[in-house]
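Undergrad: Show me how the following folds:
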Amino acid sequence: TQAATPAAPTATQKSNADAAWPKMADTSGDRSGSDLSGVSPLDRPIDLSVQRSAVDGRTLYRINVEPEETLGHYSDWLRLGGVESIRALNGFDASQVLASGDALLLPVTDAAHQDAFERRREEYHQVLVEEFKENFEVTGSEEYKIELGDSLWALAREFELP
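TA: Numbers count the residues shown, from 1 in each chain. Predicted coordinates:
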């Protein structure tokens, strides 16, 4: 369980993306020594990069699902023409639902494909932030430790968040 702001609780769900993946250090608080104390929570960077790992002689590409993302988004950002290859790679059936924080393997072909995906994903999240800023005002923030049973919906209601 990690400390997080109420707007970004994470959940963990097992998938093929977790099976052979080496444990990664938690770098969610590491921002290369940058002091972000005076930065609005909306302007703080989030790690949207694709993680690469060599497993059994092949390169695997993995991300952690962020809020508002869908398999359709990943397919569009990778220019796949459908979600079937992502579902197959992760062992998902048609009923599989993604949750924020899930690990997901991606059918990335090379570094250029990875770079294009990361750029499109970043642009999408920038648009979400700008739309939020146009409609809401952040009046403060506070730390909250996620507890077993917490849900994004319940936390948003408790903290009166949109």
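Undergrad: Spatially central, which residue of this structure would that be?
TA: Geometric centre of the chain, nearest residue: residue 66, 2.6 Å, by Cα atoms, centre = their mean.
Undergrad: residue contacts, that one?
TA: By Cβ atoms under 8 Å, 6 or more residues apart in numbering, the contact list for residue 66 reads 46, 48, 100, 125. Yep, even glycine has a C-beta here, placed from its N, CA and C like the rest.
Undergrad: any chance of those in TSV, with distance to residue 80 too?
TA: Shown next, in TSV, are those (distance: Cβ to Cβ, whole Å):
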residue	distance to residue 80
46	23
48	18
100	22
125	20
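Undergrad: Of these, which count as buried by neighbour count?
TA: By neighbour count, with 16 or more other Cβ atoms under 10 Å, those hold 48, 100 as buried.
Undergrad: Adding secondary structure, distance to residue 89 and pLDDT, write the contacts of residue 66 out as CSV.
TA: Shown next, in CSV, are these (DSSP: H, G, I helix; E, B strand; the rest coil; distance: Cβ to Cβ, whole Å; pLDDT from 0 to 100):
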residue, secondary structure, distance to residue 89, pLDDT
46, coil, 24, 85
48, coil, 19, 93
100, coil, 20, 90
125, helix, 23, 95
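Undergrad: Which strand or helix spans the residue nearest to the centre of the chain?
TA: Using DSSP states H and E, residue 66 falls within no helix or strand.
Undergrad: How confident was the prediction at it?
TA: At residue 66, the pLDDT value in this model is 94.
Undergrad: Any figure for the gap between it and residue 84?
TA: From residue 66 across to residue 84, the span is 22 Å (Cβ to Cβ, to the nearest Å).
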